[in-house]
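1. predicted model and sequence below, questions to follow.
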Amino acid sequence: LWVVKENARARRFYERAGFAADGGEEEYEVAGVPVPEVRYALEVGRTF
């Protein structure tokens with residue numbers, strides 16, 4: 001999943017759920033303003 005890079009609250013939420021940033025980064029535009037995102041992944045087969 002993609003999370004806005006500067007959204008620390010969302011990033012903490014997903015990290016606590018077991019997701020980890022995998023190094024993927026990209027930007028998308030909102031009203032002409034670039035918004036950087038970080039990709040998070042969850043290991044397949046992980047149990048909670």
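-> Nice, I can see it.
2. next SSE after the longest strand anywhere in the chain?
-> When the chain is scanned for its longest strand (criterion: DSSP state E), the result is strand 20-30. Sequence-wise, the next helix or strand beyond strand 20-30 is strand 33-41, with elements assigned using DSSP states H and E.
3. circling back to that earlier point, helices and strands around the longest strand of the chain, which ones?
-> Here strand 20-30 touches strand 33-41, going by 3 or more CB pairs under 8 Å, 6 or more residues apart in numbering; DSSP states H and E. The way it works is simple: take the backbone N, C-alpha and C, and place the C-beta from them, glycine included.
4. strand 20-30 and the strand it packs on, what's the angle between them?
-> For strand 33-41 against strand 20-30, the angle between stretch directions is 160 degrees (axes from the mean of the first three to the mean of the last three CA atoms, to 10 degrees).
5. quick one on the thing from earlier: extract the CA atoms of the longest strand of the chain and return them as CSV.
-> Taking only C-alpha atoms (Å, rounded to 0.1, in the frame of the first residue of the first chain), the coordinates of strand 20-30 have been written out as CSV:
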residue,chain,number,x,y,z
ALA,A,20,7.2,-2.3,6.6
ALA,A,21,8.5,0.3,4.1
ASP,A,22,10.1,-1.6,1.3
GLY,A,23,12.0,1.3,-0.3
GLY,A,24,9.5,2.1,-3.0
GLU,A,25,8.8,5.9,-3.4
GLU,A,26,6.9,7.9,-5.9
GLU,A,27,4.9,11.1,-6.2
TYR,A,28,1.5,12.0,-7.4
GLU,A,29,0.0,15.4,-8.0
VAL,A,30,-2.9,17.1,-6.2
